[in-house]
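1. Let me see the structure of the following:
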Amino acid sequence: MIKNIFIFFVFYTTFTNWLNAQTLTDENFIQNEIYKEQVYLHLNSSLLFSGEKLLYKFYCLNTETNKLSDLSKIGWVILLNSDKEEVFQQKLNLEHGQSYSDFFIPSNLPSGAYKILAYTSWMLNAEKNYFEQDIHILNPYQKENKGFILEENPEILSQKSEPEVSSDFKLKLNKNSFSLREEVVVNFETSYEILGDFSISVRRIDNFSKPKRIKSINYNKLYENISWNYSDTLILPEVRGSLVSGRVVVKDNSLLKSKNLIISSPGEESQVNIVSINDMGEFSFTINNDLAVNELLLQLVGDKQQDFNVELKQTIQPDISQLVFKKPIIDDGFKEYIIEKSVYNQIENAYSITKADQSIFPKNKRYFFNNELLKFNLDNYTRFPDVTQTFVEIIEYGRVKRNGDGTHSILVRNQNTNGEFTLPALLIVDGVVVQDHDKLVSFDAEKIQSIGLLRSKFFFGPETYQGVVVVETKDGNFPDEFRDDSIKFKEVITAQILKIYYSPNYNNENLERIPDYRYQLLWNPEINFKTTGNKLRFFTSDLEGSFEINLEGFTSDGKPISLSKTFEVK
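-> Coordinates of the predicted model:
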């Protein structure tokens, strides 16, 4: 069994030259030739209040070199409560082994001990092989807080900021004490050019007892004594995107012989796919990294039967059976501080629109045949009331054919001959394959934005089509008129959208009337020293107190960097 799985793995990673060159299929080859991975998370804090954001940077590293890994393209992060229940599961698109995201702590999440885990699917071939960090969450809005222990004057109240850890890379501030809303300039002093990937957090220091935050210089202690186990349950790395497996369920499996499965996603042009299924109905495919909606539409090729279902396998979960949670200890004397911070958090959230983070939406990838598509924008022509007449009057190289049984087929003219194709074209509406062409013929032509034609034979996975017709509606969301019971709808997890995190610039913005009670002064998960000239600038808020700058990351040669610096705001 493992031999068959590995043959598929070799095929699946054809882009990797060093893997293609191998012919061995035994476990020793997998063990010795395919490098292993580890994950490190840089967190903004290990103690968070309701109304705050848990911010993190995900680093996936090659265990042999400690450099960022290019193997896995998908990372996973989950937050668990003390009952080992999942609070959230987030999926990340990895670019050169890194990504980042956040989680807003809602007011209905109870106080208590939590754990955040991070991993790639490839790492789960070893037991307990994931990044693990304790998190404490404090919810002051609950009437009964059973998730923590309230004590007077507990022995350990705070974590003192650790000194900088680097002999040739230091943080230096323009001064050590700042006033409210003053600019802070951080210089990164080094004897050589800084090459690598880093993230930085600037946050107010409090005196709460909290879990010790894991640093990049000691994260690999989590992975000591890890034993990788390759067996019949080998978990493949997600080297091109999310690997999805499933099964078509029918009463009689003989009906599945020589059947193929169409996978589409509304509005997602680059996600159209056709895959083979075996005699047991099993299939697998890869979701492109840029999937923006959480819905997949699946249908059998050339089959309008409705008495089938599609079951997708759940994403593989790490073994959490041995995790241990310890209740937070809160000093009874911090009640006033807790109330104050809760009020400030509410004020900040009330102005969240003014201080909104900027989402970085991925560009919509077009069909891979898009350059060959002859496109007709119907607004550029006289509009006609129905689709058939629209094809007659506007779509020069396509037509609607009435079949002998009264149904309709849409055909295109072959660009390589004087005649047209004799078989129906592949019809795609708003990114979804539509096999029943009658649905388009009866659709309101006024709702159609454009019709495109591919006038050549089209080989799509195991299927061959005589041309393609691509329809975009004005709403672009795959109309309900096209949905029927022969199309099965399944939800999938979409990747987190990257953001540019808000940080005010009091030199350029008029914010005099906007209150600023930020505890988190700065979060930058993608520091680029080349563009900043080894300098970083941010502004203090309306809060006084001690603040800590924390920088984590890895140089291009795999050296971990962990630096911290404190300053005062008065």
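2. Is residue 277 in contact with residue 283, as I believe?
-> Yes. Because the distance of 4.4 Å satisfies C-beta atoms under 8 Å, residue 277 is recorded as touching residue 283. All C-beta atoms are positioned from the backbone trio N, CA, C, and that covers glycine.
3. number of nearby residues for residue 493?
-> 15 (other C-beta atoms under 10 Å).
4. actually residue 107, not the one I typed
-> 12.
5. Would you mind measuring from it to residue 51?
-> Distance, residue 107 to residue 51, using C-beta to C-beta, to the nearest Å: 7 Å.
6. In the stretch 401-550 of the chain, what residue spans correspond to helices?
-> 438-441, 529-532 (DSSP state H, counting those that start in this stretch).
7. Deepest-packed of these, please.
-> helix 438-441 (a mean of 18; mean count of other C-beta atoms under 10 Å).
8. And for that one, what's in contact with it?
-> Helix 438-441 has contacts (C-beta atoms under 8 Å, 6 or more residues apart in numbering) with 386-388, 400, 407-408, 410, 427, 429, 434, 471, 481-482.
9. ok, so of the residues you listed, who is nearest residue 112?
-> residue 482 (46.7 Å; C-beta to C-beta).
10. How about the contacts made by the closest one?
-> Contacts for residue 482 (C-beta under 8 Å, 6+ apart) come out as 429, 432, 434, 439-440, 443.
11. 6 Å - rerun?
-> Contacts for residue 482 (C-beta atoms under 6 Å, 6 or more residues apart in numbering) come out as 429, 434, 439.
12. possible to save the helices of the stretch 401-550 of the chain as a markdown table with distance to residue 315 and mean pLDDT?
-> Putting the helices of the stretch 401-550 of the chain into a markdown table (distance: least, C-beta to C-beta, whole Å; pLDDT from 0 to 100) gives the following:
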| stretch | distance to residue 315 | mean pLDDT |
| --- | --- | --- |
| helix 438-441 | 33 | 96 |
| helix 529-532 | 36 | 72 |
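13. so which of those helices comes closest to residue 520?
-> Closest among the helices of the stretch 401-550 of the chain, using C-beta to C-beta: helix 529-532, at 19.5 Å.
14. what does the closest one rub up against?
-> Contacts for helix 529-532 (C-beta under 6 Å, 6+ apart): residue 194.
15. Could you list the alpha-carbon positions for it in CSV?
-> Extracted C-alpha coordinates of helix 529-532, given in CSV (Å, rounded to 0.1, in the frame of the first residue of the first chain):
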residue,chain,number,x,y,z
PHE,A,529,14.6,46.0,5.9
LYS,A,530,15.5,46.9,2.3
THR,A,531,12.6,49.3,2.0
THR,A,532,12.8,50.7,5.6
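16. Please enumerate residues in contact with the helix or strand where residue 118 lies?
-> Per DSSP states H and E: residue 118 is located in strand 112-119. Strand 112-119 is contacted by residues 39, 41, 76-82, 130-135, 137, 147, 318, 325-327 when judged by C-beta under 6 Å, 6+ apart.
17. what pairs with that strand, and is each one parallel or antiparallel?
-> Applying DSSP bridges, strand 112-119 is found paired with strand 74-81 (antiparallel), strand 131-138 (antiparallel).
18. circling back: pick out whichever of the contacts of helix 438-441 sits closest to residue 449.
-> Nearest to residue 449 among those, with distances taken as C-beta to C-beta, is residue 471, at 8.4 Å.
19. doesn't residue 451 make contact with the closest one?
-> Yes. Between residue 471 and residue 451 there is a contact at 5.5 Å, judged by C-beta atoms under 6 Å.
20. In terms of helix, strand or coil, where does residue 280 fall?
-> Of the three states, residue 280 takes coil under DSSP: H, G, I helix; E, B strand; the rest coil.
21. Same question for residue 379.
-> helix.
22. gap between it and residue 61?
-> Residue 379 is 51 Å from residue 61, by C-beta to C-beta.
23. And for residue 529?
-> Noted for residue 529: a distance of 20 Å to residue 61, by C-beta to C-beta.
24. hang on, the earlier thing: out of residue 379 and residue 61, which sits in the busier spot?
-> Counted by other C-beta under 10 Å, residue 379 and residue 61 do not tie: residue 61 has more neighbours, with 24 against 10.
25. Now do the contacts for the nearest residue to that one once chain neighbours are set aside.
-> Excluding its sequence neighbours, the residue lying closest to residue 61 (C-beta to C-beta, 6 or more residues apart in numbering) is residue 38, at 5.2 Å. Shown in contact with residue 38 (C-beta under 6 Å, 6+ apart): 61, 63, 223.
26. same deal with residue 89?
-> Per C-beta under 6 Å, 6+ apart, neighbours of residue 89: residue 78.
27. Kindly export the helix or strand where it lies (C-alpha atoms) in PDB.
-> Element membership of residue 89, judged by DSSP H and E, is strand 86-93. Only the C-alpha atoms of strand 86-93 are listed here, as PDB (Å, rounded to 0.1, in the frame of the first residue of the first chain):
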ATOM      1  CA  GLU A  86     -11.700  23.500  18.800                       C
ATOM      2  CA  VAL A  87     -12.300  27.200  19.000                       C
ATOM      3  CA  PHE A  88     -11.100  27.900  15.500                       C
ATOM      4  CA  GLN A  89      -9.200  26.300  12.700                       C
ATOM      5  CA  GLN A  90      -7.400  28.500  10.300                       C
ATOM      6  CA  LYS A  91      -5.800  27.600   7.000                       C
ATOM      7  CA  LEU A  92      -2.900  29.600   5.600                       C
ATOM      8  CA  ASN A  93      -1.400  29.900   2.100                       C
END
